[in-house]
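# got a predicted model here, sequence first, then my questions.
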Amino acid sequence: MVTSVAARVESLASSGIQSIPKEYIRPQEELTSIGNVFEEEKKEEGPQVPTIDLKEIESEDKEVRERCRQELNKAAMEWGVMHLVNHGISDELMDRVRKVGQNFFELPVEEKEKYANDQGSGKIQGYGSKLANNASGQLEWEDYFFHLVYPEEKRDLSIWPKTPSDYTEVTREYARQLRALASKILSALSICLGLEEGRLEKEVGGLEELLLQMKINYYPKCPQPELALGVEAHTDVSALTFILHNMVPGLQLFYEGKWITAKCVPNSIIMHIGDTIEILSNGKYKSILHRGLVNKEKVRISWAVFCEPPKEKIILKPLPETVSETEPPLFPPRTFAQHIQHKLFRQTQDALSK
């Protein structure tokens with residue numbers, strides 16, 4: 001059975017429309033906080049997303065190493081998001097990742113449709129756009145390409161882009177290096193929580209089971225950016241999320257009751273603490289609410305890699321070491337799949353009560 005292809009946002013954007021369809025217009029209560037992203041990014045006053053230099057994270061010098069860990073720890077506790085610099089992944093590789101992703105999205109829409117996913121039948125990997133199955137029935141101003149990139153034996157290379165020809169090679173190497181970076185971060189966070197170094201890594205599935213899912217988000221120019229969102233406000237369900245982008249601003253974080261726009265920091269990778277680590281740490285580390293703005297001048301592309309535990313094999317709950325009489329568990333035990341279902345249910349309830 002052929003499913004009807006959802007209209008791609010790219011096609012809509014390039015059709016010359018001056019106003020966006022009503023499905024893309026955000027509710028009134030959100031519109032008051034959507035500003036011009038370029039002006040927002042220039043703001044110097046107020047809180048700013050922290051930048052964490054990882055150069056010394058594995059230093060031979062114990063004091064230097066500890067200082068680096070503590071900075072990471074502070075950012076994870078206070079913000080749950082940060083710009084990582086000196087993270088060990090070369091500028092050249094990051095540029096190649098950006099280039100192959102951009103080249104794929106520069107293909108004609110009909111060429112990209114050969115990789116279309118089919119959400120209705122559960123085939124979520126591939127080229128897609130958001131269907132109006134979210135609680136509000138609203139759409140987001142983005143198209144995307146989604147695929148599992150690590151562990152290698154779990155990949156389905158048949159749905160990976162054949163054009164450009166070096167897509168697989170570049171993405172594979174980036175996934176491999178990100179996986180090593182994830183281990184480094186999980187080790188440091190474990191130690192800061194007073195756990196054994198390998199504990200968080202083990203709790204999220206270890207080398208065999210932790211899945212790295214890449215979503216390339218493509219946000220076309222929008223004729224009415226003040227009315228739309230590229231991605232609506234959410235927290236990530238992952239353990240960690242790593243994000244590269246094409247240096248066009250868009251990411252906003254909800255911090256201390258206000259939307260803060262992340263600056264574009266050259267050669268950095270943005271890292272989010274996801275719900276999984278927030279749960280395991282009993283809320284000591286934060287999974288921050290965030291969203292994506294769009295603009296009418298520049299296409300924005302981001303490469304998000306979600307490090308996710310297996311859906312059923314692990315029970316997520318606060319680790320015993322993070323719980324005490326004065327700090328009781330904040331989260332009930334759930335599998336990763338149950339956590340996702342619970343979030344969807346809550347969103348639906350919230351939408352119905354509006």
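That came through fine. From a predicted model like this one, the values you see are computed outputs, not experimental measurements.
# any weak-confidence spans in the protein?
Within the chain, the ranges that satisfy pLDDT under 70 run 1-6, 132-136, 351-354.
# now do the helices in it.
9-13, 28-31, 37-42, 62-78, 91-105, 109-112, 167-192, 199-203, 206-209, 275-280, 336-352 (DSSP state H).
# burial-wise, tell me which of those helices comes out on top.
Mean neighbour count (mean count of other Cβ atoms under 10 Å) peaks for helix 275-280 among the helices of the chain, with a mean of 26. For every residue, glycine as well, the C-beta is placed using N, CA and C.
# could you name the helices and strands sitting against it?
Contact analysis of helix 275-280 by 3 or more Cβ pairs under 8 Å, 6 or more residues apart in numbering; DSSP states H and E lists helix 199-203, strand 315-316, helix 336-352 as its packing neighbours.
# quick one: distance of the shortest one to the chain centre.
The reference is to strand 315-316. A distance of 21 Å separates the centroid of the chain from that of strand 315-316, by Cα atoms, centre = their mean, to the nearest Å.
# helices and strands around it, which ones?
helix 275-280, strand 334-335.
# follow-up on the earlier one: quick one: which of the helices of the chain is nearest Ile216?
helix 91-105 (4.8 Å; Cβ to Cβ).
# let me have the helices and strands packed on strand 315-316 in JSON lines, adding distance to Glu201 as columns.
Below are the helices and strands packed on strand 315-316 laid out as JSON lines (distance: least, Cβ to Cβ, whole Å):
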{"stretch": "helix 275-280", "distance to Glu201": "11"}
{"stretch": "strand 334-335", "distance to Glu201": "19"}
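# and the ones you listed: which comes nearest Glu106?
Once the helices and strands packed on strand 315-316 are compared by Cβ to Cβ, helix 275-280 is nearest, at 34.0 Å.
# run a quick neighbour tally on the closest residue to Ala76 other than its chain neighbours.
Excluding its sequence neighbours, the residue lying closest to Ala76 (Cβ to Cβ, 6 or more residues apart in numbering) is Tyr285, at 4.5 Å. For Tyr285, the count of nearby residues is 24 (other Cβ atoms under 10 Å).
# does Tyr285 touch Leu189 like I think?
Yes: with contact defined as Cβ atoms under 8 Å, Tyr285 reaches Leu189; the gap is 6.9 Å.
# what's the overlap in contacts for the two?
Each of 76, 277 lies in contact with both Tyr285 and Leu189 under the rule Cβ atoms under 8 Å, 6 or more residues apart in numbering.
# which one of the helices of the chain lies nearest to Asp143?
With Cβ to Cβ as the yardstick, what comes closest out of the helices of the chain is helix 9-13 (5.2 Å).
# could you tell me how far the closest one lies from the centre of the chain?
23 Å.
# just stretch 264-274 next, same as before
On Cα atoms, centre = their mean, the centre of stretch 264-274 falls 10 Å from the chain's centre.
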